[in-house]
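>>> need a 3D model of the following:
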Amino acid sequence: MSRADVRDEPVGESAGGAQRPGTHPGPGAARTPSPLWSLGLFRSELLTTFRRWRTLALLAVLATVPVLVGIAVKIETSDGSSLSGGGGGGEGPAFISQISNNGLFLVFTALAATLPFFLPMAIGVVAGDAIAGESNAGTLRYLLVAPAGRSRLLLTKYATVIAFCLAATLVVAVSALAVGALLFPAGDLITVSGTRITYAEGLGRALLIALVVAASLVGIAALGLFVSTLTGSGIAAMATTVGLLITVQILDQIPQLDALQPYFFSHYWLSFADVMREPVYWDDLVKNLGLQALYAAVFGSAAWARFTTKDITA
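Predicted structure coming up:
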């Protein structure tokens, strides 16, 4: 919600929703917000988020990653040699070895390169600042004066973070697609299973992979939103969320914790590579989406419980 919108809202209610002593409810304070009003609130939050220099800087960094990867591969293969793809299962290194043959593979490589850290870090920054940033700026109390209610405001904040998840993922994919088309040949491509598919079908799978990657971030988005409700400092919330992200990534690499690792929100992130199999291997994809839904439900509920009972002093 923009700060200009705050001035136009009724101020007869306190931040907690109770009528202030000595005031009378205005016409706007007595009615329930309409769905159109909720859409307006969501639109205002989107504009506020995507107009911030911090958000634009994050998107610019994400868009730069495919450019750097594409240029590096082009230089490495300029003498006609090919890259050797280490690893298996169709993850990042295996995709890298195919970029010089088909630029569309740069999309898959860029998403594999940004998903472990860059994408979730950007989501953690935006989610961690969602509530705590408003509190730190002293605007949260005024936002709650509007007839939205705490639950509606929290849901709007989370929807805005989810929209940023999709936008950030598409920025990486579109940048990689453009760079791949400029630097490398295009045409039919070979799947991880060794079968040939058309370029049009490859584009469809690239879009599906981008959507899967965006959905893979809803868990860290809910976690960041919950952390944001625990503190009044936006910087502390962002740092805590990114710190948790790094910690979970490290724990996911320790062999002694293999029994717990399937429950870490990042464990199945690279399962999107299974979309490039023929036929598509759905088992890990479904596990990943189910795990993200679980994290969203648990930490979304925790954020709601905390935010609806929290004393708002700023």
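>>> could I get the buried residue list for the lengthiest helix in the chain?
Using DSSP state H, we find that the single longest helix of the chain is helix 150-183. For helix 150-183, burial by neighbour count (16 or more other Cβ atoms under 10 Å) applies to 150, 152-158, 160-165, 167-173, 175-180, 183. Backbone N, C-alpha and C define where each C-beta goes, glycine included.
>>> show me what secondary structure element comes after it.
Going down the chain from helix 150-183, the next helix or strand is strand 189-190, by DSSP states H and E.
>>> what pairs with that next one, parallel or antiparallel?
The strands beside strand 189-190 in its sheet (DSSP bridges) come out as strand 196-197 (antiparallel).
>>> what sits against N288?
By Cβ atoms under 8 Å, 6 or more residues apart in numbering, N288 lies in contact with V212, S216, H267, Y268, W269, S271, F272.
>>> now do the SS call for it.
Assigned with DSSP: H, G, I helix; E, B strand; the rest coil, N288 falls in the helix class.
>>> count of neighbours near the residue nearest to it when sequence neighbours are not counted?
Nearest non-adjacent residue to N288, counting by Cβ to Cβ, 6 or more residues apart in numbering: Y268, 3.5 Å away. For Y268, the tally of surrounding residues (other Cβ atoms under 10 Å) stands at 22.
>>> same check on Y281?
When neighbours are defined as other Cβ under 10 Å, Y281 has 17 of them.
>>> who's in contact with the residue nearest to it when sequence neighbours are not counted?
In this structure, Y281 finds its nearest non-sequential neighbour in D274, 4.0 Å apart by Cβ to Cβ, 6+ apart. For D274, the contact set (Cβ under 8 Å, 6+ apart) comprises G90, V192, V280, Y281, W282, D283, D284, L285.
>>> so where's the protein shaky on pLDDT?
For the chain, residues meeting the criterion pLDDT under 70 lie at 1-38, 79-94, 145-148, 311-314.
>>> could I get the full set of helices for it?
Using DSSP H, helices in the chain cover 3-7, 27-30, 35-51, 53-76, 92-96, 105-114, 118-137, 140-145, 150-183, 199-215, 218-230, 234-251, 283-309.
>>> turn those into a markdown table, columns for distance to Q261.
Formatted as a markdown table, the helices of the chain follow (distance: least, Cβ to Cβ, whole Å):
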| stretch | distance to Q261 |
| --- | --- |
| helix 3-7 | 44 |
| helix 27-30 | 50 |
| helix 35-51 | 33 |
| helix 53-76 | 26 |
| helix 92-96 | 19 |
| helix 105-114 | 19 |
| helix 118-137 | 17 |
| helix 140-145 | 37 |
| helix 150-183 | 23 |
| helix 199-215 | 20 |
| helix 218-230 | 14 |
| helix 234-251 | 7 |
| helix 283-309 | 11 |
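>>> ok, which of these comes nearest D258?
Closest to D258 of the helices of the chain, according to Cβ to Cβ: helix 234-251, at 10.7 Å.
>>> which residues does the most centrally placed residue in the chain contact?
Among the residues of the chain, C165 comes closest to the average C-alpha position under Cα atoms, centre = their mean, at 2.6 Å. Neighbouring residues of C165 by Cβ under 8 Å, 6+ apart: I123, A214, L217, V218, A221.
>>> quick check: closest non-adjacent residue to it.
Leaving aside its sequence neighbours, C165 sits nearest to L217 (Cβ to Cβ, 6+ apart; 4.3 Å).
>>> just confirm that neighbour contacts P120, I think it does.
Yes. Between L217 and P120 there is a contact at 6.1 Å, judged by Cβ atoms under 8 Å.
>>> quick one, which of these two is more surrounded?
Of the pair L217 and P120, P120 is the one with more neighbours under other Cβ under 10 Å, namely 30 against 27.
>>> mind checking how far G219 is from Q253?
Counting by Cβ to Cβ, to the nearest Å, the gap from G219 to Q253 is 18 Å.
>>> what about R306, how many residues nearby?
17.
>>> contact partners for it?
So, once contact is read as Cβ under 8 Å, 6+ apart, R306 ends up touching F226, T229, L230.
>>> repeat that for 7 Å
If you count contacts by Cβ atoms under 7 Å, 6 or more residues apart in numbering, R306 has them with T229, L230.
>>> same deal with F299?
Per Cβ under 7 Å, 6+ apart, neighbours of F299: A222, L223, F226.
>>> of all these, which comes closest to A239?
Nearest member of the contacts of F299 to A239, counting by Cβ to Cβ, is L223, at 13.6 Å.
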